[in-house]
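Visitor: Sequence and predicted structure are below.
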Amino acid sequence: MADRNQLVKAVTSYADDFLNGLPGRKAYEASGYGAEEADAALVPEESGTDIHALLEFLGQRVDGPGLNPASGGHLGYIPGGGLPAAALGDYLAAVTNRYAGVFFAGPGAVRMENAMVHWAGGLVGYEKGFGGSLASGGSMANLTAIATARNAMGIKGRQLEQSVVYSSQQAHHSVPKALRLTGLGECVLRQVPLDDRFRMDPAALRQQVQADKEAGLHPFLVVANAGSTDTGAVDPLGSIADIAAEQGLWLHVDAAYGGFFLLTGHGRRIMQGIHRADSVVLDPHKGLFLPYGTGMVLVKDINHLLRANRYEANYMQDAREQSLEHSPAELSPELSKHFRGLRMWLPLKLHGLAPFRACLEEKLWLARYFRLRAQAMGFETGPDPELSVTYFRFVPHGGDADAFNQTLLQGVQRDGRIFLSSTVLNGKFVLRFAALAFRTHRHEVEVLLDVLRSLLKAQGMEIQERAPTA
C-alpha cells in the first residue's frame with residue numbers, strides 16, 4: 001500500500017510539473033534525436049530501477065525532444081488533445097482493467113462505449129438502426145468502414161479489376177492504405193477533380209461514374225471528406241449523397257478531423273447531408289481533445305457491421321448466450337481492446353458539452369483571424385477556411401519561392417515556440433496553420449505572427465503591414 005502510494009505520488013508530481021511548465025516549454029524541440037547512449041536504458045534489466053530515475057529519463061528522452069502535442073503552440077498537422085480528465089479515465093480503466101470487448105464480461109463498460117457511439121451518431125444525424133465502435137484512431141476506423149463497405153456491396157475477388165472506388169487527391173493516406181489492406185487495391189481507383197477550394201467536384205464525380213458504367217465497370221464506393229488534413233476542405237456532402245443514391249454507391253465520409261465541429265452551428269451548416277452517408281469516421285482525439293488513440297466508426301445500418309465482423313468460436317459461447325446489447329467485438333476487428341469509452345465519457349460528463357463547443361468555435365475564429373493577419377503581412381493565403389486549417393506562403397520578388405518558404409518553416413521550427421507543418425498544393429510548397437489544440441488561443445497566434453515577422457526581416461523582406469480586411 002505504502003509503495004503504491006509513493007509510486008502514484010511520484011507520477012502525479014511529474015505530471016503536475018509537466019502541465020504547470022507548459023507555458024515555458026517549446027512546442028517543438030529539435031535536439032535530442034541522436035541520443036544513442038539512451039538506448040541501453042530502454043531495455044528491461046533483471047533488477048528494478050527507482051521510479052524517480054525512470055521519470056527523469058522520461059523527461060529528458062521522451063517528453064523533451066520532438067513535437068510537444070500538449071502545447072498550445074502545436075499548430076501543425078491536425079493537433080491532438082490530451083485532456084487531463086481523459087487521462088484520469090485512462091488511469092481508472094487501466095487500474096480496474098475492465099474489459100470492454102464483450103457485453104457478457106463487462107456490461108457496464110460496453111454500455112458506456114455504446115452510449116458514446118450512440119451520442120456521436122445522433123450528432124451526425126443518424127436515427128435508429130445505426131451502430132459503431134471506438135477504434136484506435138481514424139486509420140483503423142477507415143479500415144473498418146471500408147471493409148464493411150466491401151462486404152455490404154458484395155465485392156468478390158473475381159470482381160476487383162472491374163470495381164471502381166472514387167475519392168480525391170485530398171483523401172487521407174489511411175484511405176488508400178485501407179483499400180490495400182482490405183484487398184481492394186486492385187480495384188480501379190479514381191481521383192475525382194477538385195474545385196478551387198480543394199473540394200470534390202460533384203459534376204465531375206457524376207460524369208466519371210456514368211462513363212465507368214458505360215465502359216462495363218462496377219462503381220461501388222465513394223469516399224468524401226468532412227475536413228481534409230491538407231486544407232480543411234469539406235466536400236459538398238449533400239450533392240455527393242445524391243449521386244451515391246442515384247448510382248447505387250456506398251458513401252463513406254471521412255470526418256476524422258472535422259466531424260465534431262457538428263457541435264457548432266457553422267459545422268452543421270457546412271456538413272449538411274452527412275447523415276445520408278452509409279458510414280462516417282470521427283476522431284474524438286481531435287475535435288474532442290482526447291488523448292491519441294481514440295477514433296470512432298459509425299455505420300448507418302448496424303447489420304452491415306455485424307455481418308462484416310461476424311465470428312465463430314466455441315470459447316465465446318457464454319458471451320453469445322448472455323448479451324443484452326451488441327458488443328464491440330461484434331462490430332469491429334478487435335476482441336482484446338482497451339476500455340476507450342472511459343477516457344471519452346469522463347470529460348464529457350464532467351465538463352458538459354458547452355466548453356467543448358466554445359473551444360471549437362474559438363478554433364474556427366483563430367483560423368480566420370490568422371489568415372487575415374497573414375494577408376496583411378504580405379503572405380499569399382488560401383480561401384477563407386471552412387474549419388480551423390488554413391494555408392499560406394510568402395512570394396519574394398526574386399528567387400525560388402518554394403525554397404524561401406522551406407527556410408521560413410525551418411526558422412519557425414528552430415525557434416520552437418510554435419510548430420507548423422507544410423504541404424504541397426497545386427505543385428507549390430505551402431505552410432499550414434492548424435488550430436485544434438485546446439490550449440491554443442490568440443496568444444499563440446500572436447507569437448507565430450511575431451516569429452514570421454522576424455524571419456521575414458532576417459531575410460531582408462520589407463514588411464509594411466496594412467490593416468486586415470474581412
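Guide: Yep, that arrived. No experiment lies behind these values; they were computed from the predicted model shown.

Visitor: where in this structure is pLDDT low?
Guide: Residues of the chain meeting the criterion pLDDT under 70: 32-38, 312-324, 467-470.

Visitor: Give me the longest helix you can find in it.
Guide: In the chain, taking DSSP state H as the definition, the longest helix is helix 354-376.

Visitor: what's it in contact with?
Guide: Contact with helix 354-376 is made by 232, 260-261, 263-264, 266-267, 287-289, 348, 381-382, 384-385, 387-390, 392, 433, 435-436, 438, 440-442, 445, 448-449, 452, 465-470, as judged by Cβ atoms under 8 Å, 6 or more residues apart in numbering. (C-beta placed from N, C-alpha, C; glycine too.)

Visitor: Can you report how many residues lie near the residue lying closest to I155 once chain neighbours are set aside?
Guide: The shortest distance from I155 to any non-neighbouring residue, by Cβ to Cβ, 6 or more residues apart in numbering, is to S163 (5.4 Å). By other Cβ atoms under 10 Å, 21 other residues sit near S163.

Visitor: Do you have the strands of the stretch 101-250 of the chain handy? List them.
Guide: 131-135, 163-167, 188-191, 218-225, 250-255 (DSSP state E, counting those that start in this stretch).

Visitor: for the stretch 351-470 of the chain, what spans make up the strands?
Guide: Under DSSP E, counting those that start in this stretch, the stretch 351-470 of the chain gives strands at 380-381, 389-393, 421-425, 428-434.

Visitor: now for the third one, which elements pack on it?
Guide: Packing partners of strand 421-425 (3 or more Cβ pairs under 8 Å, 6 or more residues apart in numbering; DSSP states H and E): helix 401-415, strand 428-434.

Visitor: Kindly recompute the last result at 10 Å.
Guide: On a contact count with 3 or more Cβ pairs under 10 Å, 6 or more residues apart in numbering; DSSP states H and E, strand 421-425 meets strand 389-393, helix 401-415, strand 428-434.

Visitor: Deepest-packed of these, please.
Guide: For those, the largest average neighbour count (mean count of other Cβ atoms under 10 Å) is found in strand 389-393, namely a mean of 24.

Visitor: What residue spans form the domains of the chain?
Guide: 2-68, 92-351, 354-458 (automatic domain parsing).

Visitor: P84 is nearest to which of the ones you listed?
Guide: Among the domains of the chain, domain 2-68 comes nearest to P84, with 7.0 Å by Cβ to Cβ.

Visitor: Could you give the separation of that closest one from the chain centroid?
Guide: Averaging C-alpha positions (Cα atoms, centre = their mean, to the nearest Å) puts domain 2-68 26 Å from its chain's average.

Visitor: tell me how far the ends of it are from each other?
Guide: Separation of the first and last residues of domain 2-68 by Cα to Cα, to the nearest Å is 33 Å.

Visitor: Okay, L251 and S168: tell me how far apart.
Guide: 14 Å (Cβ to Cβ, to the nearest Å).

Visitor: can you list residues touching both of those two?
Guide: Taking Cβ atoms under 10 Å, 6 or more residues apart in numbering as the contact rule, L251 and S168 both touch 222-224.

Visitor: For stretch 79-99, buried residues please.
Guide: By neighbour count on 16 or more other Cβ atoms under 10 Å, the buried set for stretch 79-99 is 79-83, 85-87, 89-90, 93, 98-99.

Visitor: Among the residues you listed, which one sits closest to K428?
Guide: P79 (23.8 Å).

Visitor: Distance to L75 added to the domains of the chain, as a markdown table?
Guide: Output for the domains of the chain, formatted as a markdown table (distance: least, Cβ to Cβ, whole Å):
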| stretch | distance to L75 |
| --- | --- |
| domain 2-68 | 8 |
| domain 92-351 | 13 |
| domain 354-458 | 6 |
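
Visitor: Highest mean neighbour count out of those domains?
Guide: Of all these, domain 92-351 has the most neighbours on average by mean count of other Cβ under 10 Å, namely a mean of 20.

Visitor: Kindly check the end-to-end length of that one for me.
Guide: By Cα to Cα, the extent of domain 92-351 from end to end equals 18 Å.

Visitor: roughly how far is that domain from the heart of the chain?
Guide: 13 Å.

Visitor: returning to what we had before: of the strands of the stretch 351-470 of the chain, which is nearest G238?
Guide: Nearest to G238, of all these, is strand 389-393, at 21.8 Å by Cβ to Cβ.

Visitor: So which elements touch that closest one?
Guide: helix 354-376, strand 380-381, helix 401-415, strand 421-425, strand 428-434.

Visitor: And for Q208, nearest residue in space, chain neighbours not counted?
Guide: In this structure, Q208 finds its nearest non-sequential neighbour in R190, 5.7 Å apart by Cβ to Cβ, 6+ apart.

Visitor: Surely the one you found is in contact with V165?
Guide: Yes. Look at R190 against V165 with Cβ atoms under 10 Å: they come within range, at 6.9 Å.

Visitor: what do these two both touch?
Guide: 219, 222.

Visitor: want to throw the helices and strands packed on strand 389-393 into JSON lines with distance to L22?
Guide: Listed next are the helices and strands packed on strand 389-393 as JSON lines, based on distance: least, Cβ to Cβ, whole Å:
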{"stretch": "helix 354-376", "distance to L22": "16"}
{"stretch": "strand 380-381", "distance to L22": "29"}
{"stretch": "helix 401-415", "distance to L22": "17"}
{"stretch": "strand 421-425", "distance to L22": "20"}
{"stretch": "strand 428-434", "distance to L22": "19"}
